[in-house]
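Colleague: after the sequence you'll find the predicted model.
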Amino acid sequence: MNYFDYMTDPKRQCAIVAHRGVWQDAPENSLLSIQRAIDAGYDVVEIDVRRTADGEFVLLHDDTLERVAGVSSEPEQLTLEELTSIALRNRDGGPDNALTGEKLPSLRDVFELTRDKILIHLDIKHRHVIPEVLAYAKKMGVDKQVDFWADLKTQDDLAWIESNITSKGVPFIARTHLEHDDADAQVDLVFRLKPLICEISFKDVAQVEAIRQRFHNAGITLWVNTLDGVASPGFTDTAAVKDPDAIWGRLLSAGFSAVQTDEMEKLRSYVAARQPATTRTRASV
């Protein structure tokens, strides 16, 4: 399974990125939520990665385990053995969701579960940990199945990314903020780097439409996040469910071909109805 081949395939459908797995009836970032993303046939699963006290890696979004497990500790203060013994609350956690039999997973267990089954979007919570995770992915032989992601805002960012990520021959997603005052400078950095993928946030989708051809000509895939709370203004999952043409349709027309979402099945149905049946999914390439 090769991330580069999939993302650069001109015949593929829009990539559906399952945010923290299928967590609607499983703990987020759990092996069960990831298995359900695999079973559903989604293209990419997004997971959150943190380092343990003993230099290993586990899946967790927050700074502490309070929301997902009712434990106030920070993962960086605990060992892998301690962390992987902790039971997870169902769905997105919180006191209203009961504890389950699912435990906090190690990154090793995730890589073994997903090997050659689904592409992985790694949201590594501290940038300085990226080189360690990259080396770990290479050691486990999954470095072409995962991506690495970071902001690309400054010349220093560019130098760090080139030294620590893209020079290692792994898939990279550059995050670019068109809503910032220095948007033009950020875009220039993207075209200097020419990453596999560029995740774009914006204040007006017309900003993306104005430069989409430049990205296409450079062979850079456009990626968008529609999660409620972090999406670009108005382009949320909630809005998309109410009016898919106005949200998903507009994003596809603007050139985006990868969408991170909590509404995977609804997006897949919309894409299938909109795009020609001759296009291909990850499972067929």
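Modeller: Nice, I can see it.

Colleague: what sits up against stretch 184-196?
Modeller: With CB atoms under 8 Å, 6 or more residues apart in numbering as the test, stretch 184-196 has contacts from 3-4, 7-8, 147, 152-155, 157-158, 161-162, 166, 171-174, 176-178, 180, 198, 211, 214, 218-221. Bear in mind the C-beta positions are built from the backbone N, C-alpha and C, glycine included.

Colleague: over to stretch 214-222?
Modeller: The contact list for stretch 214-222, computed with CB under 8 Å, 6+ apart, reads 7-8, 190-191, 194-198, 200, 208, 212, 254-258.

Colleague: if we use 7 Å, what do you get?
Modeller: With CB atoms under 7 Å, 6 or more residues apart in numbering as the test, stretch 214-222 has contacts from 7-8, 190-191, 194-198, 200, 212, 255-258.

Colleague: out of the residues you listed, which are buried?
Modeller: The neighbour-count criterion (16 or more other CB atoms under 10 Å) marks 7, 190, 195-198, 200, 212, 255-258 among the contacts of stretch 214-222 as buried.

Colleague: how about the strands of the stretch 151-285 of the chain, start to end?
Modeller: In the stretch 151-285 of the chain, strands defined by DSSP state E, counting those that start in this stretch lie at 172-177, 197-201, 221-225, 256-261, listed in chain order.

Colleague: got the phi and psi for residue 119?
Modeller: With angles defined as degrees, to the nearest 10, residue 119 sits at phi -80, psi 150.

Colleague: residues touching it, list them.
Modeller: Contacts for residue 119 were tallied using CB under 7 Å, 6+ apart; they are 1, 3, 6, 43-44, 145, 282.

Colleague: hmm, 8 Å instead?
Modeller: By CB under 8 Å, 6+ apart, the contact list for residue 119 reads 1, 3, 6, 43-45, 145-147, 282.

Colleague: tell me which entries of those residues lie within helices.
Modeller: Secondary structure from DSSP state H places 3, 6 of the contacts of residue 119 in helices.

Colleague: how about the contacts of residue 119 in a markdown table, adding pLDDT and distance to residue 91?
Modeller: Formatted as a markdown table, the contacts of residue 119 follow (pLDDT from 0 to 100; distance: CB to CB, whole Å):
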| residue | pLDDT | distance to residue 91 |
| --- | --- | --- |
| 1 | 85 | 28 |
| 3 | 98 | 28 |
| 6 | 98 | 29 |
| 43 | 97 | 23 |
| 44 | 98 | 21 |
| 45 | 98 | 16 |
| 145 | 98 | 27 |
| 146 | 98 | 25 |
| 147 | 98 | 26 |
| 282 | 53 | 26 |
